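Enquirer: quick one, fold the following:
(one chain, ligands or ions: 1)
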Amino acid sequence: MDLNGKSVLITGAGRRIGAGLAKAIAARGAKIGIHYNRSKKEAASVAKAIEKQGGTVFLTQGDISDVGDCGRIIAETARAFGGLHVLINNAAVFFKTPLLQTTEKDWDQTLDTNLKGAFFCAQAAAKIMQKNGGREDRALPVRVRGVGALGASLPGPHIGSIINIADWAAIRPYTDYLPYCISKAGIVAMTKGLARTLAPKITVNCVAPGPILLPEDFDKREKKILVARTPLKRIGAPEDIINAVLFLLEGTDFMTGSTIVVDGGRLIA
Ligand SMILES: NC(=O)c1ccc[n+]([C@@H]2O[C@H](COP(=O)([O-])OP(=O)(O)OC[C@H]3O[C@@H](n4cnc5c(N)ncnc54)[C@H](OP(=O)(O)O)[C@@H]3O)[C@@H](O)[C@H]2O)c1
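Expert: Numbering: from 1, shown residues only. Sure thing, here's the model as predicted:
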């Protein structure tokens, strides 16, 4: 997909990885819907930075654990931009829940935000993307630099993309974060199910990060342990996730239902 001029909504884009995604995708010429829940100031400052570079932004607030809010933030963004081409389900919560201390409230907050919210955002987005209607938008990777044209850019039915952000721990769960890991395993399953349901018009893929930006309450000792357990002996950077998302959007239209793990090797350790 050529991102220039497309409308893209990123949930949880006021801070951290979501904010980085918003800036990087805006730099490709896309119109960016910045969704936030509590980080109003931070979201406004991301919007300001994008507008300063000549980009187009729409700010939308909502609690995605509320299905009504999911529908509203998608509808508002599509109305502001006259359609929606890309949804990035990035918003999530992550907090410690040792098994014997996990409450129903912990479970509901985690599953309702990370999984139910992503599902109903995807549902609302799919309805609108399907109305984008028949625009032939397939930019095949035929213009690989240094290789030249390998074939004609074939017209295709691709009109939208949904990218879900999971976690490598969806595949090998952390012991003290079971509701979180279960929610992210659900995201991987949801990616496959939505991809089958929405093909061929809408592609649905997933990025599963490893340690990138550590929780703000992690101390030096915890960070050291994490680095030691990671085969590449460092934590990643937001750019590692941003580049994987950009590849799914720009690099190929021939992937759907896939999960790219960007984890410094944690899964093989
Ligand atoms: N950081 C990492 O190293 C790492 C590792 C593995 C996976 N991931 C995944 O990558 C994604 C981004 O990570 P991150 O660390 O940048 O995320 P984060 O800072 O933990 O959260 C991103 C945003 O989610 C939003 N959010 C939380 N609950 C919400 C709710 N009920 N309704 C609406 N929005 C809500 C928050 O928005 P407000 O601030 O506006 O309230 C928050 O800024 C997440 O899906 C995360 O699980 C991250």
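Enquirer: may I ask which helix or strand encompasses the residue in the stretch 101-250 of the chain positioned nearest to the ligand?
Expert: Closest to the ligand within the stretch 101-250 of the chain is Ile212: 3.3 Å, counting by Cβ to the nearest ligand atom. To be clear about C-beta, it is placed using only N, CA and C from the backbone, and glycine gets the same treatment. Using DSSP states H and E, Ile212 maps to neither a helix nor a strand.
Enquirer: ok, it - how many residues close by?
Expert: 19 (other Cβ atoms under 10 Å).
Enquirer: excluding sequence neighbours, find me the nearest residue to it.
Expert: Leaving aside its sequence neighbours, Ile212 sits nearest to Gly236 (Cβ to Cβ, 6 or more residues apart in numbering; 4.6 Å).
Enquirer: who's in contact with that neighbour?
Expert: Neighbouring residues of Gly236 by Cβ atoms under 8 Å, 6 or more residues apart in numbering: Pro209, Gly210, Pro211, Ile212, Val262, Asp263, Gly264.
Enquirer: and with 7 Å instead?
Expert: Pro209, Gly210, Pro211, Ile212, Val262, Gly264 (Cβ atoms under 7 Å, 6 or more residues apart in numbering).
Enquirer: just flag the most distant two among the residues you listed.
Expert: Pro211 and Val262 (10.4 Å; Cβ to Cβ).
Enquirer: show me which residues of stretch 55-65 are buried.
Expert: Residues Gly55, Thr56, Val57, Phe58, Leu59, Thr60, Gln61, Gly62, Ile64, Ser65 are the ones in stretch 55-65 that count as buried (16 or more other Cβ atoms under 10 Å).
Enquirer: tell me the mean pLDDT over the longest strand seen in the chain?
Expert: Longest among the strand segments of the chain by residue count, using DSSP state E, is strand 202-209. The average pLDDT within strand 202-209 is 98.
Enquirer: in a markdown table, list the buried residues of stretch 55-65 along with distance to the ligand, pLDDT and secondary structure.
Expert: Below are the buried residues of stretch 55-65 laid out as a markdown table (distance: Cβ to the nearest ligand atom, whole Å; pLDDT from 0 to 100; DSSP: H, G, I helix; E, B strand; the rest coil):
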| residue | distance to the ligand | pLDDT | secondary structure |
| --- | --- | --- | --- |
| Gly55 | 20 | 98 | coil |
| Thr56 | 21 | 98 | coil |
| Val57 | 15 | 98 | strand |
| Phe58 | 15 | 98 | strand |
| Leu59 | 11 | 98 | strand |
| Thr60 | 10 | 98 | strand |
| Gln61 | 8 | 98 | strand |
| Gly62 | 6 | 98 | coil |
| Ile64 | 4 | 98 | coil |
| Ser65 | 4 | 98 | coil |
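Enquirer: so where is the stretch 1-150 of the chain shaky, pLDDT-wise?
Expert: For the stretch 1-150 of the chain, applying pLDDT under 70 flags the ranges 133-150.
Enquirer: how about the residues of it near the ligand?
Expert: 12, 14-18, 36-39, 63-65, 90-94, 113 (Cβ under 6 Å from any ligand atom).
Enquirer: can you select the buried ones from these in PyMOL?
Expert: A single PyMOL command selects the buried members of those (16+ other Cβ under 10 Å):
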select buried, resi 12+14+15+16+17+18+36+37+39+64+65+90+91+92+93+94+113
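Enquirer: tell me which of the residues of the stretch 1-150 of the chain next to the ligand fall in strands.
Expert: Per DSSP E, those map to strands at Tyr36.
Enquirer: show me where the stretch 101-250 of the chain has its helices.
Expert: Here the stretch 101-250 of the chain has its helices, by DSSP state H, counting those that start in this stretch, at 104-111, 118-132, 178-198, 220-229, 238-246.
Enquirer: can you name every helix or strand that the longest one contacts?
Expert: Read it as helix 178-198. If contacts are counted by 3 or more Cβ pairs under 7 Å, 6 or more residues apart in numbering; DSSP states H and E, helix 178-198 sits against helix 104-111, helix 118-132, strand 160-165, strand 202-209.
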